[in-house]
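S.K.: fold the following, please.
(2 chains)
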Protein chains: 2
Amino acid sequence: MNTHEHIVKSYDEEQRHLSGEIVRMCDMAIAQLEAALDVVERRDDRAAERIIANDEAIDALENSLSHDVMQLALRGPMARDLREILAALRIPSDIERIGDYAANVAKRSIALNLSPPMPHITGLRALGKLAVRQLREVIIAYRDNDAVLALKVRENDAELDEQYTALFRELLTYMMEDPRNITPCTHLLFMAKNLERIGDHATNIAENVWFLVHGEQPLPPRDKRDSTSSALPL
Amino acid sequence: MNTHEHIVKSYDEEQRHLSGEIVRMCDMAIAQLEAALDVVERRDDRAAERIIANDEAIDALENSLSHDVMQLALRGPMARDLREILAALRIPSDIERIGDYAANVAKRSIALNLSPPMPHITGLRALGKLAVRQLREVIIAYRDNDAVLALKVRENDAELDEQYTALFRELLTYMMEDPRNITPCTHLLFMAKNLERIGDHATNIAENVWFLVHGEQPLPPRDKRDSTSSALPL
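M.R.: You can find the predicted model right below:
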């Protein structure tokens, strides 16, 4: 029986193992994002290349997770497991995209290093810190089944959107001041956009945590600031 | 028995129904994209608002599809169904993103209409046509289980990437020529990026069709052009 336990885990054990793997996957994405933000400041192309290469590990983990989740689904044909299975398929897919955006920040840092250093990366750093904070909180919410924390993450996305919009406008003015700023600022615009998109994926994860805890019960309406900023197509 | 048939469809019937729904969902996304591209040319804010509002229908269809697919998964605990279930969860998620990008093109067209008409939307139109063609082909590949057509779509993504890169560089030069072009060209840059991302999602769908037909058998290596252009972080 001891041997058997090592081969076939119980449904609940396997589920705990999978949710641990999802948390690990998110930690990998956070580490990639922090490394990418760091590399922008240090102007280190070699480190950027490593971050880009590391993204494959996150992609591979998503693939193996989605297979394991489906295997689990096939074992547990209970309607109540549906939510957990759906969340366990959706959350890794969001984390995978977060990893892509982190790798894209690293990729663009290499392009940015072809221009002289820009003073405007301070705004990007602040935005990056906010994105990292959102990810740290949302994965705790997932780990602890904490719907209140998940709602907080969702509300705080408005702050990230606001900072993104402010940075976007600031970058546009630098571009207008001096045409030599256009190429590097365009990269910074897309890097900022990546961070804003990471925030959206953190919000998706938060909504899945809510769905895990409360089922189909509708989410409370969002802060108004957000609907304003999402009306801006920046 | 006849009544029973109307209530509970067989596994295969339900699967055919779901794949029909996925094709319909993709048709909706293509219609949204074509309407969005059209609205850019016609500078019609009201029509753009309608496109943005219509995106909800695609999102709702993805939600209902993912539930139906999981219900089907719980009925058919056969390992060989795993691929079909995974593909039926992943493809709608790609189509949902395509719908978002189409809505974002419509959203930015409203912002673009605050500036005088730009002559540079011809490049955007060409890119949009290519994206629509990729989507039309990939959904036929899915409908017909045609792995050869899926591979062709995947190869042709390089063409979209090349046109995107060319348009990107062109827009940068317009921005450098006249600072008044910076704001509208920034919107065009992001619109072009949306179309390039739609191409990436068409490629994801193509890879899922390959996976449906050939299982874990690795995909043939991609055209070299693509790896070159993907190295450019534009």
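
S.K.: tell me the contacts of the most centrally placed residue in chain A?
M.R.: Closest to where the C-alpha atoms of chain A average out (CA atoms, centre = their mean) is A:I98, at 3.6 Å. By CB atoms under 8 Å, 6 or more residues apart in numbering or on different chains, the residues touching A:I98 are A:26, A:29, A:33, A:135, A:198, A:201-202. Every residue, glycine included, has its C-beta placed from N, CA and C.

S.K.: what subset of those is also close to chain B?
M.R.: Here nothing survives when those are matched to chain B using CB under 8 Å from any CB of the partner chain.

S.K.: of those residues, closest to chain B?
M.R.: Ranked by distance to chain B (CB to the nearest CB), these are led by A:H201 at 11.4 Å.

S.K.: quote the end-to-end distance of stretch A:73-93.
M.R.: The first residue of stretch A:73-93 is 17 Å away from its last residue (CA to CA, to the nearest Å).

S.K.: ok, back up a step: now the residue nearest to the centre of chain A: how far from A:P218?
M.R.: If you measure A:I98 against A:P218 using CB to CB, to the nearest Å, the figure is 26 Å.

S.K.: same question for A:D55.
M.R.: According to CB to CB, A:D55 and A:P218 sit 35 Å apart.

S.K.: between these two, which one's more packed in?
M.R.: The neighbour comparison of A:D55 against A:P218 (other CB atoms under 10 Å in any protein chain shown) goes to A:D55, with 22 against 7.

S.K.: beyond the helix or strand containing A:K107, next helix or strand please.
M.R.: If you go by DSSP states H and E, A:K107 is part of helix A:82-112. Downstream of helix A:82-112, the next assigned helix or strand under DSSP H and E is helix A:121-143.

S.K.: then that next one to PDB, C-alphas only?
M.R.: Extracted in PDB, the C-alpha atoms of helix A:121-143 (Å, rounded to 0.1, in the frame of the first residue of the first chain):
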ATOM      1  CA  ILE A 121      13.100  54.800 -16.700                       C
ATOM      2  CA  THR A 122      12.200  55.900 -13.200                       C
ATOM      3  CA  GLY A 123       8.500  55.900 -14.100                       C
ATOM      4  CA  LEU A 124       8.900  52.400 -15.600                       C
ATOM      5  CA  ARG A 125      10.500  51.200 -12.400                       C
ATOM      6  CA  ALA A 126       7.600  52.400 -10.300                       C
ATOM      7  CA  LEU A 127       5.100  50.800 -12.600                       C
ATOM      8  CA  GLY A 128       7.100  47.500 -12.500                       C
ATOM      9  CA  LYS A 129       7.100  47.600  -8.700                       C
ATOM     10  CA  LEU A 130       3.400  47.900  -8.700                       C
ATOM     11  CA  ALA A 131       3.000  45.000 -11.100                       C
ATOM     12  CA  VAL A 132       5.200  42.800  -8.900                       C
ATOM     13  CA  ARG A 133       3.200  43.800  -5.800                       C
ATOM     14  CA  GLN A 134       0.000  42.800  -7.600                       C
ATOM     15  CA  LEU A 135       1.400  39.400  -8.600                       C
ATOM     16  CA  ARG A 136       2.700  38.700  -5.100                       C
ATOM     17  CA  GLU A 137      -0.700  39.500  -3.600                       C
ATOM     18  CA  VAL A 138      -2.800  37.600  -6.100                       C
ATOM     19  CA  ILE A 139      -0.800  34.400  -5.800                       C
ATOM     20  CA  ILE A 140      -1.200  34.600  -2.000                       C
ATOM     21  CA  ALA A 141      -4.900  35.000  -2.500                       C
ATOM     22  CA  TYR A 142      -4.900  31.900  -4.700                       C
ATOM     23  CA  ARG A 143      -2.800  29.900  -2.300                       C
END
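
S.K.: residue numbers of chain A in contact with chain B?
M.R.: Proximity of chain A to chain B (CB under 8 Å from any CB) is limited to residues A:66-67, A:70-71, A:73-75, A:77-79, A:81-82, A:85-86, A:89-90, A:93, A:104, A:107-108, A:110-111, A:172, A:175-176, A:179, A:182-183, A:186-187, A:189-190, A:193, A:232-233.

S.K.: what do you get if the cut-off is 7 Å, keeping everything else the same?
M.R.: A:66, A:70, A:73-74, A:77, A:82, A:85-86, A:89, A:93, A:104, A:107-108, A:110-111, A:172, A:175-176, A:179, A:182-183, A:186, A:189, A:233 (CB under 7 Å from any CB of the partner chain).

S.K.: pretty sure A:P179 sits against B:M176.
M.R.: Yes: using CB atoms under 7 Å, A:P179 is in contact with B:M176, at 4.3 Å.

S.K.: considering the contacts of A:I98, which possesses the most neighbours?
M.R.: Neighbour counts for the contacts of A:I98, by other CB under 10 Å, peak at A:A202, which reaches 31 neighbours.

S.K.: distance of the closest residue to it other than its chain neighbours relative to chain B?
M.R.: Using CB to CB, 6 or more residues apart in numbering or on different chains and skipping residues adjacent in sequence, the residue nearest A:A202 is A:Q134, 4.1 Å away. To chain B, A:Q134 is 20 Å away according to CB to the nearest CB, to the nearest Å.

S.K.: now do the contacts for A:Q134.
M.R.: A:Q134 sits next to A:153, A:156-157, A:160, A:199, A:202 when contact means CB atoms under 7 Å, 6 or more residues apart in numbering or on different chains.

S.K.: want to throw those into CSV with distance to A:A147?
M.R.: Listed next are the contacts of A:Q134 as CSV, based on distance: CB to CB, whole Å:
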residue, distance to A:A147
A:V153, 11
A:N156, 15
A:D157, 16
A:L160, 20
A:G199, 19
A:A202, 15
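
S.K.: filter those residues down to just the ones in helices.
M.R.: Among the contacts of A:Q134, the ones falling in helices (DSSP state H) are A:153, A:156-157, A:160, A:199, A:202.
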